[in-house]
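Trainee: coordinates for the following, if possible.
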Amino acid sequence: MARYTGPKAKKARALGEPIFGFSRAFEKKKYRPGMHGNTRGKRRQPSDYKLQLTEKQKAKYTYGVLERQFRNLFEKAAANRGITGEVLLQLLEARLDNVVFRMGLASTRRAARQLVSHRHILLNGRVNNVPSTQLRPGDVIAVRGKSQGLEVIRDAASSKSNVRNYGWLSFSSDKMEGTFLAYPEEGTIPEKINAQLIVELYSK
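Mentor: Below you'll find the model as predicted:
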């Protein structure tokens, strides 16, 4: 399974957001990497293209999606009814690995992707090991019975820092089971991603 394996803190600093989750290196050095990253003098105003490209990169790295997958999701969003940028974010949020992360079963999306690929997650009662699976409202996500005792899952589910309440999800820590209730509205998604800039980039 292809995924980004480069330096996370450096990439997060380049994009200006802790896109891989909590990063001490990012909090300590929020300026851009490189020799002139911490320069306080005047800097050249970034072009519209750079702003658009940065926003796309931010979305890709945040959700752990590679270029071809991201392009396919954009084309799917553009073909759907509704505002393309909002639909794109909804499709990213509806990925199985992202929902496992949102439910607090993993501390990062990468960890959630690993849980899915290692067959620890059930979708509507059946094992699903495809992290990119698109969920629909009403889908039930649960931890596989024999996997519920795994320390990594128990620790994540019981950690206060992983407690997340979202209106489009329900989750029972006792049953280790939740439901994808609806596609979230753009304004309720906590990530700071300007989807309109991504639309403008792909519309050129």
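Trainee: could you report the separation of the most centrally placed residue in the chain from residue 113?
Mentor: The centroid of the chain falls nearest to residue 63 when counting by C-alpha atoms, centre = their mean (3.0 Å). Residue 63 is 10 Å from residue 113, where distance means C-beta to C-beta, to the nearest Å. In short, each C-beta sits where N, CA and C put it, glycine included.
Trainee: before we move on, back to that, neighbours around the closest residue to the residue nearest to the centre of the chain other than its chain neighbours, how many?
Mentor: Closest residue to residue 63 apart from its sequence neighbours, by C-beta to C-beta, 6 or more residues apart in numbering: residue 92 at 4.7 Å. The tally of other residues near residue 92 (other C-beta atoms under 10 Å) stands at 24.
Trainee: pretty sure residue 92 is in a helix, no?
Mentor: Yes. Residue 92: assigned to a helix according to DSSP: H, G, I helix; E, B strand; the rest coil.
Trainee: would you confirm that it contacts residue 72?
Mentor: No. Judged on C-beta atoms under 8 Å, residue 92 makes no contact with residue 72 at a distance of 11.8 Å.
Trainee: now do the biggest helix by length in the chain, average pLDDT.
Mentor: The residue-count maximum for a helix in the chain (DSSP state H) belongs to helix 48-63. Mean per-residue pLDDT for helix 48-63: 94.
Trainee: that helix: which residues count as buried?
Mentor: The neighbour-count check on helix 48-63 (16 or more other C-beta atoms under 10 Å) flags 52, 54, 55, 56, 57, 58, 59, 60, 61, 62, 63 as buried.
Trainee: and after it, which helix or strand comes next?
Mentor: Counting by DSSP states H and E, the next helix or strand C-terminal to helix 48-63 is helix 67-79.
Trainee: how about residues contacting that next one?
Mentor: Contacts to helix 67-79, defined as C-beta atoms under 8 Å, 6 or more residues apart in numbering, come from residues 56, 59-60, 65, 84-85, 87-88, 90-92, 132, 198, 202.
Trainee: kindly report the same for stretch 128-141.
Mentor: Contacts to stretch 128-141, defined as C-beta under 8 Å, 6+ apart, come from residues 1, 64-65, 69, 91, 94-97, 99-100, 103, 112-113, 116-119, 121-125, 177-183.
Trainee: tell me what the longest helix of the chain is packed against?
Mentor: Helix 48-63 sits against helix 8-15, helix 67-79, helix 84-93, helix 195-202, with contacts defined as 3 or more C-beta pairs under 8 Å, 6 or more residues apart in numbering; DSSP states H and E.
Trainee: mean pLDDT and distance to residue 187 added to those, as JSON lines?
Mentor: Shown next, in JSON lines, are the helices and strands packed on helix 48-63 (pLDDT from 0 to 100; distance: least, C-beta to C-beta, whole Å):
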{"stretch": "helix 8-15", "mean pLDDT": "61", "distance to residue 187": "21"}
{"stretch": "helix 67-79", "mean pLDDT": "96", "distance to residue 187": "17"}
{"stretch": "helix 84-93", "mean pLDDT": "97", "distance to residue 187": "9"}
{"stretch": "helix 195-202", "mean pLDDT": "96", "distance to residue 187": "11"}
